[in-house]
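In: Any chance you can model this:
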Amino acid sequence: MNNHLTSADKPNILIVDDTQENLRLLSTMLTESGYKVRKAINGSIALRAIKIEKPDLILLDIKMPDLDGYEVCKKLKSQEQTADIPVIFISALDEVMDKVKAFEAGGVDYITKPYQIQEVLARVRSQITISQQQIQLLKQQQKLIETNAQLQLIITTTKAISKAKDFDTALEITLSQVCEKIGWDFGE
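Out: Below is the predicted model of the structure:
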């Protein structure tokens, strides 16, 4: 990752864990890799932090005293503003059913403790890339929708003009079509 990025350009990662040592380890690892890192020591604080500034990715512990990670993730996924934030669960729980429950809650990945630095970084990088690509895809989709609407206007107008008997009729048809598309009343 490029360490010369400004703070605004760096992907913003929220780490949620009730163990200070885990927060310190993950925070150091990710900060040194060029990420902007915020920390929360429980689920309630995490939810408040997310309202203040939406992160690009959340690393979320499962076993916490107030709200467990599953509950936090379900709350995030149930709200339109936060449903698209990728959540990677981090936990010492290594049973298959714990992992299944994490994915059912809306998690995109699962990392078991103790952490392997290269694995954590690879998984974080992968999810950040996927998230950025989804944003780009949505932007491209919106551009295609706009371009399609413009092409439909051109096609409709061209067909109408080709049927017009003179220039004035063609101009009137064109203005009528354009006004209709932009929501204006042609008679104004």
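In: domain parsing for this structure?
Out: 12-115, 144-182 (automatic domain parsing).
In: so how far is residue 160 from residue 176?
Out: Using C-beta to C-beta, to the nearest Å, residue 176 is found at 8 Å from residue 160. Heads up, the C-betas are built off the backbone N, CA and C, glycines and all.
In: Where does pLDDT dip in this protein?
Out: 1-8, 187-188 (pLDDT under 70).
In: which stretches of it form helices?
Out: Taking DSSP state H as the test, the helices found in the chain are 20-32, 43-52, 69-77, 96-105, 117-163, 167-182.
In: which of those helices sits most buried?
Out: Using mean count of other C-beta atoms under 10 Å, the stretch among the helices of the chain with the largest mean neighbour count is helix 69-77, at a mean of 20.
In: quick check: angle from that one to helix 43-52?
Out: Helix 69-77 runs at 20 degrees relative to helix 43-52, counting by axes from the mean of the first three to the mean of the last three C-alpha atoms, to 10 degrees.
In: Who are the packing partners of helix 69-77?
Out: If you count contacts as 3 or more C-beta pairs under 8 Å, 6 or more residues apart in numbering; DSSP states H and E, helix 69-77 packs onto helix 43-52, strand 57-61, strand 87-91, helix 96-105.
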